[in-house]
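Novice: sequence and predicted model, in that order:
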Amino acid sequence: MTSISQVNIWVILMLINLTVIIESFNQPNFCPNASWDLNGSTFADSSVIGSDPWDIFITSNNTVYVPNKNTSYMIVWSSLNSIPIRNISLNPSDSVSVFTTEDDYMYYTLVTNTINRILRFSVVIMETPSRCFDIFIDILDNIYCSLDNNHVIVKKTLTNLSNPVKIIAGTGIIGSTSYTLNYPNGIFVDTNLDLYVADCLNHRIQLFPLDITDGITVAGATSSIPTITLNYPMTVILDINKYLFIVDTYNSRIVGSNQYGFQCIIGCNGSGSTADQLNEPRSMNFDSFGNIFVSDAKNNRIQKFQLITNSCSKFNRI
């Protein structure tokens, strides 16, 4: 028998499908001919963002957020301008992840020797037993956190902060089965509330459909369909058609998929510091024009790769 909660979720999803969903971040529409300039330009260097940048978040109005771990400031740019408009103090902390919602609430991780939290400005949203590597907020105002050292993904509603935190993927024990994780890093939740996880040390991307704890490998090791070999993937994001884009960190490249499969799209000539290379990138994001921004960690820079070929409108599906 279908429970009342299941019926409520079904009704909500039906209503969502009948409306235009406005995300706070960019999910462009790419055709199979989409391509990017292989030579990137440096959007920000270590003089602004410090060393070893981890995360980057770009809103739908092209406001850019990058945590500077060295100074404990969030660096913010407006409309992709190269000069930051403000630096937001995060107090003495090592912030590794940031997510900004449509109403301009900034959520970020706070990591010290004794404290692990997710904050919305100065309000504590969630206490975590260890570092939250990545955060994500879905269309129903649920916040997700990848606890990489605990090998689980947790979830909590933002509509009632007194509600408990729930484990929704992983068991807390390192493993490579369909229901275990090994240092999960980046996470992404689509409009169906399906969860994608960059299962870093298992070298794969796992898909956990809504309310299912048994994952499906959609890229990398153990995939039932040949995809592409990954080496410590740290970020996964989706475009509007739900094709995957992966930061393949130890291969120092960006991998993308379309209806014809997976391919390397950026950093395909090996690790390095030239304009066409990356060195252990950790995160990526799209701007509203479909350009790719990459936190090129070991090169201490944010690189921008210009979209040069794409015949699709961002407002229409293929």
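Specialist: That came through, no problem. Here the structure is a predicted model, which means the values were calculated and not measured.
Novice: check the gap between Ser89 and Ala169 for me.
Specialist: The spacing between Ser89 and Ala169, counted by Cβ to Cβ, to the nearest Å, is 33 Å. Using the backbone N, CA and C atoms, a C-beta is placed for each residue, glycine as well.
Novice: neighbour count: those two, which is higher?
Specialist: Neighbours around Ser89 and Ala169, counted as other Cβ atoms under 10 Å, are more numerous at Ala169. The numbers are 26 against 10.
Novice: skipping adjacent residues, who's closest to the more buried one in space?
Specialist: If you skip the residues right next to it in sequence, Ala169 has Ile153 as its closest partner in space, 4.1 Å away by Cβ to Cβ, 6 or more residues apart in numbering.
Novice: near the one you found, how many other residues are there?
Specialist: Other residues lying near Ile153 total 26 when counted by other Cβ under 10 Å.
Novice: determine how far the last residue of stretch 199-215 lies from the first.
Specialist: Taking Cα to Cα, to the nearest Å, the span from the opening residue of stretch 199-215 to its closing residue is 11 Å.
Novice: buried ones in it, by neighbour count?
Specialist: Taking 16 or more other Cβ atoms under 10 Å as the neighbour-count basis, stretch 199-215 is seen to contain the buried residues 199-208, 215.
Novice: of those, which is the nearest to Asn241?
Specialist: Top of the list for closeness to Asn241, among those and by Cβ to Cβ, is Leu207 at 15.3 Å.
Novice: that closest one contacts Leu195, correct?
Specialist: Yes - when contacts are counted by Cβ atoms under 8 Å, Leu207 is listed as touching Leu195 (7.3 Å).
Novice: what count of nearby residues applies to Pro32?
Specialist: Applying the criterion other Cβ under 10 Å, we find 12 residues in the vicinity of Pro32.
Novice: and if you look at Arg301?
Specialist: Counted with other Cβ under 10 Å, the burial measure for Arg301 works out to 24 neighbours.
Novice: ok, Pro281 next?
Specialist: Per other Cβ under 10 Å, the neighbour tally for Pro281 reads 28.
Novice: surely it meets Ile254?
Specialist: Yes - at 7.1 Å, Pro281 and Ile254 qualify as touching, with contact defined as Cβ under 8 Å.
Novice: what do those two both touch?
Specialist: Jointly contacting Pro281 and Ile254 under the rule Cβ atoms under 8 Å, 6 or more residues apart in numbering are 247, 267, 294.
Novice: can you pick the most crowded of those?
Specialist: The most crowded member of the shared contacts of Pro281 and Ile254, judged by other Cβ under 10 Å, is Val247 (30 neighbours).
Novice: any idea which element the nearest residue to that residue once chain neighbours are set aside lies in?
Specialist: Across the structure, with Cβ to Cβ, 6+ apart as the measure, the residue nearest Val247 apart from its sequence neighbours is Thr235 (3.8 Å). Element membership for Thr235 (DSSP states H and E) is strand 233-238.
Novice: partners of that strand in the sheet?
Specialist: Neighbouring strands of strand 233-238 in its sheet, by DSSP bridges, are strand 244-248 (antiparallel).
Novice: just how off-centre is the partner strand within its chain?
Specialist: In terms of Cα atoms, centre = their mean, to the nearest Å, the centre of strand 244-248 is set 10 Å apart from its chain centre.
Novice: pretty sure Met126 sits in a strand.
Specialist: Yes - under the criterion used here (DSSP: H, G, I helix; E, B strand; the rest coil), Met126 sits inside a strand.
Novice: ok, for it, nearest residue in space, not its chain neighbours?
Specialist: Of all residues not flanking Met126 in the chain, Ile118 sits nearest, at 4.4 Å (Cβ to Cβ, 6+ apart).
Novice: burial count for Asn124?
Specialist: No, residue 124 isn't Asn; it's Val. By the criterion of other Cβ under 10 Å, Val124 has 12 neighbours.
Novice: enumerate every residue touching Pro233.
Specialist: Pro233 makes contact with 185-186, 198-200, 203-205, 219-220, 246-249 under the criterion Cβ under 8 Å, 6+ apart.
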